[in-house]
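Engineer: Provided below for reference: sequence and predicted model.
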Amino acid sequence: MPAPTPLLLTIFGASGDLAYRKLIPALYDLSAQDLLPAGFAVLGVSRTEYSDAEFRDRLRAGIEEFAHREVEADALDRFLQQVYYQPLNTHEESDYAVLKERQEALAKVHGTEGNVIYYLSTPPSLYRVIPSHLAAHGLHQPEEGWCRLIVEKPFGYDLESGKALNDYLLSILAEDQIYRIDHYLGKETVQNLLVTRFSNGIFEPLWNRNYIHHVEITAAESLGVGDRGGYYDSSGALRDMIQNHLLQVMGLVAMEPPTVVEADAIRNEVLKVFQALRPIREEDVATQVIRGQYVASHIRGEAVKGYREEKGVSPDSRTPTYVALKAYVDNWRWGGVPFYIRTGKRLPTRATEVVIHFRETPHRLFADLCGLDHLFNQLVIRIQPNEGMLLKLGMKLPGMGFRVEHVNMDFLYKDMGANYVPSAYERLLLDAMQGDATLYARGDAVEAAWRFVDPILKAWAHEPDLPVYGYPAGSWGPENADTLIEGEGYTWRYPAHNLADDGVYCEL
Ligand code: BG6
């Protein structure tokens, strides 16, 4: 793998949680593998007053807790010597003159050759402010070297604001300078969707409406909103998980084979999937989208708060913490195949997976003998935890007659042995340093994803009578979600922590 060219990484919002838990530990992990360029420095920027030494001390604790690789004292000291801090009022344009000076000084010390990546790890209200002030000081067009901008989610609040943000950033930078991060694309197992589909001859012939009955994408979380209630209450599960992470996963499941493994080739195909998504009309939202909110309950004997009692959440909030929907991709491959997407907080377990439900055999030869109503083959692609794949097959029970049982054939990533699985941020940061945007969302795709969810958001906003179902914390969400699934004998899969333990509706 080619080492990235020298660069300075300036992180806005550097005193925040994301930098502390994810970004800086991921950079340490890269440095421990010698993957950072020879000329490299990090400049943390935010309003809080820290000296370089104070900032480094703070980060030290974060790295020790959150780095994936073993932390060695010498390696950590060496890494932290490249990290600096600049207090700045990001709203104040004149302050950026200080930033410019500081960046120039660091470029000299560390030989970063004028290349710079700006990482916006800030509240979204600053996603226009910072680039505009950078541009006012010419910081987006270094005299020598290049400039890239990484933008965290949420990229907009709805179609209109997502599009406006895109337009604005594109008035300052070119598309190939903008890296819209979606940490799901940095997950090994999400990338493995591409490899599973396009490096095996056995799946692709079946990967279409002729053999697939429906596709299920589930992201279940066992935690609640924790201390993010303030942010979450104005967002909700559709914006927080589906518009970005789960639609991106769906894009990789449904896309046509790209001709090469290159950013535009892959992202063109994902875009086509989003463009083919059948819009859910406002009048169909009631039947195609189910939303819910967790209410207080007991989980394993412990009392758990309801969403409305969480810090920062309005006591009469109607923000969904659970959404399940049925979508269709109107193209030749997928015509008529439902894609069910479901996500929720405070569900019984944490599991993200894609389930390909194959059609039944055309003739149910063993139906009367097998003791099972239906025999469905399923391919479960587990994104997390217990990463791996599972294929469900019918097998003959040893003994007289032809009794058939569902059996599991599974593969677990951990069985691949010593291979180190990098964190999503490690992969994505390195890609941005190398100028590879394959695993970043392109502007047109982000807009197309907003175009799909926008009518749902509008229906919820315009029609207060559309129900928000309460579900007890620790349960699988509103029962009404079952009504979405078409076809006799089909239901959601209820995943458990261990990939192979399915059908356990309630995991103790
Ligand atoms: C974030 C959402 O983008 O993804 C969170 O804002 C969610 O609400 C998280 O919990 C899930 O990520 P992961 O990697 O834990 O599945």
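Structural biologist: Done, it's in.

Engineer: neighbours of the closest residue to the ligand within the stretch 351-500 of the chain, just the number please.
Structural biologist: Using C-beta to the nearest ligand atom, the single residue of the stretch 351-500 of the chain nearest to the ligand is Thr352, 5.8 Å away. Quick note: C-beta positions are derived from backbone N, CA and C, even for glycine. Thr352 is flanked by 25 other residues according to other C-beta atoms under 10 Å.

Engineer: helices or strands up against the helix or strand it falls within?
Structural biologist: Counting by DSSP states H and E, the element that carries Thr352 is strand 351-358. Secondary-structure packing of strand 351-358 (3 or more C-beta pairs under 8 Å, 6 or more residues apart in numbering; DSSP states H and E): strand 212-220, helix 247-254, strand 378-384.

Engineer: pull out the buried positions in stretch 227-241.
Structural biologist: Neighbour counts over stretch 227-241 (16 or more other C-beta atoms under 10 Å) mark Arg228, Gly229, Tyr232, Asp233, Ser235, Gly236, Ala237, Leu238, Arg239, Asp240, Met241 as buried.

Engineer: residues contacting the fifth one?
Structural biologist: Think Ser235. Pro154, Thr319 (C-beta atoms under 8 Å, 6 or more residues apart in numbering).

Engineer: helices of the stretch 401-508 of the chain, start to end?
Structural biologist: With DSSP state H, counting those that start in this stretch as the criterion, the stretch 401-508 of the chain has helices at 424-434, 443-462.

Engineer: could you say what helices and strands the last one packs with?
Structural biologist: Pointing back at helix 443-462 there. helix 159-172, strand 178-180, helix 247-254, helix 263-276, helix 285-288.

Engineer: now the ones you listed in a markdown table, with mean neighbour count?
Structural biologist: Listed next are these as a markdown table, based on neighbours: other C-beta atoms under 10 Å:
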| stretch | mean neighbour count |
| --- | --- |
| helix 159-172 | 16 |
| strand 178-180 | 23 |
| helix 247-254 | 24 |
| helix 263-276 | 19 |
| helix 285-288 | 16 |
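
Engineer: so which residues on the chain come close to the ligand?
Structural biologist: Lys153, Glu221, Asp240, Thr352 (C-beta under 6 Å from any ligand atom).

Engineer: kindly present those as TSV, with separate columns for pLDDT.
Structural biologist: Below are the residues of the chain next to the ligand laid out as TSV (pLDDT from 0 to 100):
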residue	pLDDT
Lys153	91
Glu221	97
Asp240	96
Thr352	97
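
Engineer: all strands of the stretch 51-200 of the chain, in order?
Structural biologist: Applying DSSP state E, counting those that start in this stretch to the stretch 51-200 of the chain gives strands spanning 83-87, 116-120, 147-151, 178-180.

Engineer: CSV for these, including mean pLDDT?
Structural biologist: Formatted as CSV, the strands of the stretch 51-200 of the chain follow (pLDDT from 0 to 100):
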stretch, mean pLDDT
strand 83-87, 98
strand 116-120, 98
strand 147-151, 97
strand 178-180, 97
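
Engineer: now the ones you listed as a markdown table including distance to Trp332?
Structural biologist: A markdown table is the format used below for the strands of the stretch 51-200 of the chain (distance: least, C-beta to C-beta, whole Å):
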| stretch | distance to Trp332 |
| --- | --- |
| strand 83-87 | 51 |
| strand 116-120 | 39 |
| strand 147-151 | 34 |
| strand 178-180 | 29 |
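
Engineer: nearest to Glu447, out of the ones you listed?
Structural biologist: With C-beta to C-beta, the closest approach to Glu447 among the strands of the stretch 51-200 of the chain belongs to strand 178-180: 10.8 Å.

Engineer: taking this structure, what residue is nearest to the ligand?
Structural biologist: Asp240 (4.7 Å).

Engineer: that residue - nearest residue in space that isn't next to it in sequence?
Structural biologist: Tyr232 (6.6 Å; C-beta to C-beta, 6 or more residues apart in numbering).

Engineer: any low-confidence regions in the stretch 351-500 of the chain?
Structural biologist: 368-374, 418 (pLDDT under 70).

Engineer: let me know whether Ala41 touches Gln81 as I believe.
Structural biologist: No. Taking contacts as C-beta atoms under 8 Å, Ala41 lies outside contact range of Gln81: 9.2 Å.

Engineer: would JSON lines of the helices and strands packed on helix 443-462 with distance to Gln191 be doable?
Structural biologist: Below are those laid out as JSON lines (distance: least, C-beta to C-beta, whole Å):
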{"stretch": "helix 159-172", "distance to Gln191": "25"}
{"stretch": "strand 178-180", "distance to Gln191": "16"}
{"stretch": "helix 247-254", "distance to Gln191": "8"}
{"stretch": "helix 263-276", "distance to Gln191": "10"}
{"stretch": "helix 285-288", "distance to Gln191": "30"}
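
Engineer: what's near enough to touch the residue positioned nearest the centre of the chain?
Structural biologist: In the chain, the centroid-proximal residue (C-alpha atoms, centre = their mean) is Tyr184; its distance is 2.9 Å. Contact analysis of Tyr184 by C-beta under 8 Å, 6+ apart lists Val190, Asn244, His245, Leu246, Gln248, Val249, Ile383, Ala424.

Engineer: most neighbours per residue, which of the helices of the stretch 401-508 of the chain?
Structural biologist: Most buried of the helices of the stretch 401-508 of the chain, by mean neighbour count (mean count of other C-beta atoms under 10 Å): helix 424-434, with a mean of 22.

Engineer: packing partners of that one?
Structural biologist: strand 7-12, helix 24-32.

Engineer: each with direction, which strands does the following helix or strand past the longest one pair with?
Structural biologist: Of the helices and strands lying after helix 24-32 in sequence (DSSP H and E), the nearest is strand 40-46. On the basis of DSSP bridges, the sheet neighbours of strand 40-46 come out as strand 7-12 (parallel), strand 83-87 (parallel).

Engineer: can you put those strands in TSV and add mean neighbour count?
Structural biologist: Shown next, in TSV, are these (neighbours: other C-beta under 10 Å):
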stretch	mean neighbour count
strand 7-12	26
strand 83-87	21
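
Engineer: want to throw these into JSON lines with distance to Ile178?
Structural biologist: As requested, the strands paired with strand 40-46 are exported to JSON lines (distance: least, C-beta to C-beta, whole Å):
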{"stretch": "strand 7-12", "distance to Ile178": "15"}
{"stretch": "strand 83-87", "distance to Ile178": "23"}
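
Engineer: quick one: which of these is nearest Ala496?
Structural biologist: strand 7-12 (37.7 Å).

Engineer: specify the angle between the closest one and helix 424-434 in degrees.
Structural biologist: For strand 7-12 against helix 424-434, the angle between stretch directions is 130 degrees (axes from the mean of the first three to the mean of the last three C-alpha atoms, to 10 degrees).

Engineer: outside of the helix or strand just after strand 7-12, which residues touch it?
Structural biologist: Beyond strand 7-12 in the direction of the C-terminus, DSSP H and E gives the next helix or strand as helix 17-18. Outside helix 17-18, the residues within contact range by C-beta under 8 Å, 6+ apart are Ser121, Glu152.

Engineer: what secondary structure does the residue of the chain most remote from its centre sit in?
Structural biologist: What lies farthest from the middle of the chain is Met400; by C-alpha atoms, centre = their mean that is 48.9 Å. Secondary structure, DSSP: H, G, I helix; E, B strand; the rest coil: Met400 is coil.
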